[in-house]
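Engineer: coordinates only, sequence not included:
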């Protein structure tokens with residue numbers, strides 16, 4: 001399990017998405033621990049921001065992982081691009 005604090009960013013693709021970019025140090029630790037769980041470069045995780053827990057998959061970009069923050073989480077926690085959030089990520093498939 002890894003704790004993080006990140007400023008939410010927007011990355012526009014076919015549709016805008018909101019992400020929490022994890023630090024390089026945390027990303028490196030996760031990359032090492034996730035060997036065998038990675039698929040198509042993505043790492044399956046369970047994340048918690050505030051009181052909201054959700055399943056998603058992070059992917060690497062520019063040396064760190066991006067944690068997608070679902071719209072339901074944004075609404076529940078009243079957060080948006082530019083907000084600094086704290087949370088926890090846990091590998092799915094990892095023994096707690």
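Structural biologist: That came in fine, so what should we check first? Note that this is a predicted model, so its numbers are computed, not measured.
Engineer: all strands of the protein, in order?
Structural biologist: 2-7, 9-12, 16-21, 43-49, 52-61, 64-68, 84-91 (DSSP state E).
Engineer: for those, which has the smallest mean pLDDT value?
Structural biologist: Of all those, the minimum mean pLDDT falls on strand 9-12 (a mean of 85).
Engineer: follow-up on the earlier one: out of the strands of the chain, which is closest to residue 76?
Structural biologist: strand 52-61 (4.7 Å; CB to CB). The C-beta positions use only the backbone N, C-alpha and C, and glycine is treated the same way.
Engineer: what's the closest one in contact with?
Structural biologist: Outside of strand 52-61, the residues within contact range by CB atoms under 8 Å, 6 or more residues apart in numbering are 21-22, 27, 30-31, 41-48, 65-68, 70, 72-73, 76-77, 89, 92.
Engineer: are any of those residues buried, and if so which?
Structural biologist: Neighbour counting with 16 or more other CB atoms under 10 Å marks 21-22, 27, 30, 42-48, 65-68, 70, 73, 77, 89 as buried within those.
Engineer: now do stretch 27-40, average pLDDT.
Structural biologist: pLDDT averaged over stretch 27-40 gives 87.
Engineer: which parts of it are buried?
Structural biologist: 27, 30, 34, 37, 38.
Engineer: same thing with stretch 84-91?
Structural biologist: 85, 87, 89, 91.
Engineer: which residues are in contact with residue 41?
Structural biologist: The contact partners of residue 41, taken as CB under 8 Å, 6+ apart, are 59, 60.
Engineer: can you rerun that using 6 Å?
Structural biologist: residue 59 (CB atoms under 6 Å, 6 or more residues apart in numbering).
Engineer: and the most centrally placed residue in the chain, how close does it get to residue 80?
Structural biologist: In the chain, the centroid-proximal residue (CA atoms, centre = their mean) is residue 67; its distance is 2.1 Å. To residue 80, residue 67 is 15 Å away according to CB to CB, to the nearest Å.
Engineer: what of residue 12?
Structural biologist: Taking CB to CB, one finds residue 12 at 15 Å from residue 80.
Engineer: next one: residue 42
Structural biologist: Distance, residue 42 to residue 80, by CB to CB: 24 Å.
Engineer: again, but for residue 35
Structural biologist: 34 Å.
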